[in-house]
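Enquirer: Here is my input; please provide its structure:
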Amino acid sequence: GMDGKPVGTSFTIGDAQKVLRLSSQIGINPFKGYRISVMDRKNWYLIRRYALACEGTFVVRSNGVIAGADRYIRADHVRVHIPTGLGTRHRAIARVTKVTRAVGVVVSESDRQVRVFKDGRLITTIDPFGKEWAETNASL
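Expert: Next up is the predicted model:
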């Protein structure tokens with residue numbers, strides 16, 4: 001989070017062109033025209049600042065470059081089964097990973113867990129404070 005306050009966000013990694021086709025821009029894409037990589041630690045503060053302002057998903061290319069930010073996932077037609085209690089961010093990420101080759105990550109503001117989705121399923125939950133990983137269904 002920022003300044004000790006939890007921040008919720010989501011992002012997809014890989015298959016960026018298809019994810020972009022299955023999503024629409026909510027607000028301004030602050031990364032358009034720039035090659036900002038999540039692999040470069042000096043960009044992490046900037047990315048976290050935008051995660052505070054953006055409700056939508058970050059779309060990250062396989063090479064780590066951000067292709068889009070603040071994207072609304074339009075995959076309502078896709079059926080997924082996720083654990084009870086997870087919200088719309090989790091459902092949207094699960095749906096888009098079911099119909100693309102992308103891996104999705106959701107950082108939950110409410111319980112501070114990091115959940116990884118692939119093929120429409122929750123595969124891993126990470127407790128960043130407890131340093132515990134709970135592998136759910138499959139390996140990355």
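Enquirer: could you pull out the helices for this structure?
Expert: 16-21, 44-53, 88-98 (DSSP state H).
Enquirer: Straight-line length of stretch 96-110, end to end?
Expert: Distance across stretch 96-110, first residue to last, is 22 Å (C-alpha to C-alpha, to the nearest Å).
Enquirer: average model confidence for that stretch?
Expert: Mean pLDDT, stretch 96-110: 94.
Enquirer: Next one, pLDDT for the closest residue to residue 37 other than its chain neighbours please.
Expert: If the residues on either side of it in the chain are set aside, residue 37 comes closest to residue 64, at 4.4 Å by C-beta to C-beta, 6 or more residues apart in numbering. Using the backbone N, CA and C atoms, a C-beta is placed for each residue, glycine as well. pLDDT, the model's per-residue confidence, is 96 for residue 64.
Enquirer: low pLDDT regions in the chain?
Expert: 1-4, 6, 131-140 (pLDDT under 70).
Enquirer: Mean neighbour count and distance to residue 108 added to the helices of the chain, as JSON lines?
Expert: Shown next, in JSON lines, are the helices of the chain (neighbours: other C-beta atoms under 10 Å; distance: least, C-beta to C-beta, whole Å):
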{"stretch": "helix 16-21", "mean neighbour count": "17", "distance to residue 108": "20"}
{"stretch": "helix 44-53", "mean neighbour count": "14", "distance to residue 108": "13"}
{"stretch": "helix 88-98", "mean neighbour count": "23", "distance to residue 108": "8"}
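Enquirer: Turn the ones you listed into a markdown table, including distance to residue 125.
Expert: Output for those, formatted as a markdown table (distance: least, C-beta to C-beta, whole Å):
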| stretch | distance to residue 125 |
| --- | --- |
| helix 16-21 | 22 |
| helix 44-53 | 19 |
| helix 88-98 | 11 |
